[in-house]
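Participant: Could you look at this predicted model? Sequence included:
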Amino acid sequence: MAAILGLIIGVIAGLFLQPDIPVALQPYLPIMVVAALDALLGAARSYFERSFSDRVFVVSFFSNVITATLLVFLGNQLGVGSQLSTAVIVVLGIRIFSNVSALRRFIFKG
């Protein structure tokens, strides 16, 4: 219940405060969002499988976001930022679709 309340408060605060994203972080924001979405869907899947751990979720959430961002940053430094961004999005997209598929099977199973 606390997580849902925190999510609602965060969304409302974001809508009213409308924070500015620094220009230096703007290329990485879509990657961060996709990595965070992957962690959230993985947590939902583990919740339905009755193996959810809040510690694992927090570590997974931050490690996904940081790793994806660092990979894109490294790609930008090497001059292949768009190719590495595409690779990260594809890998995370595959994981997201896998988690959504597992959730769908669980929900429509019974």
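Facilitator: Arrived safely, thanks for sending. Residues are numbered from 1 along each chain as shown.
Participant: Every contact and neighbour count from this point should use C-alpha atoms.
Facilitator: Noted.
Participant: shaky segments in this protein?
Facilitator: Low-confidence regions of the chain, defined here as pLDDT under 70, cover residues 1, 3, 110.
Participant: Quick test: name the residue nearest the centre of it.
Facilitator: The structure's the chain has its C-alpha centroid closest to Ala36; by CA atoms, centre = their mean the separation is 1.4 Å.
Participant: Pretty sure Asn64 is one of the things that one touches, is it not?
Facilitator: Yes. Contact criterion CA atoms under 8 Å: Ala36 and Asn64 qualify, at 6.8 Å.
Participant: Could you check how far Ser53 is from Val59?
Facilitator: Distance, Ser53 to Val59, using CA to CA, to the nearest Å: 10 Å.
Participant: How much space separates Ser46 from Thr86?
Facilitator: With CA to CA as the criterion, Ser46 and Thr86 are 27 Å apart.
Participant: Neighbour count: the two, which is higher?
Facilitator: For Ser46 against Thr86, the residue with the higher neighbour count under other CA atoms under 10 Å is Ser46, and the figures read 17 against 13.
Participant: That one - nearest residue in space that isn't next to it in sequence?
Facilitator: Phe52 (4.8 Å; CA to CA, 6 or more residues apart in numbering).
Participant: Okay then, goodbye and thanks.
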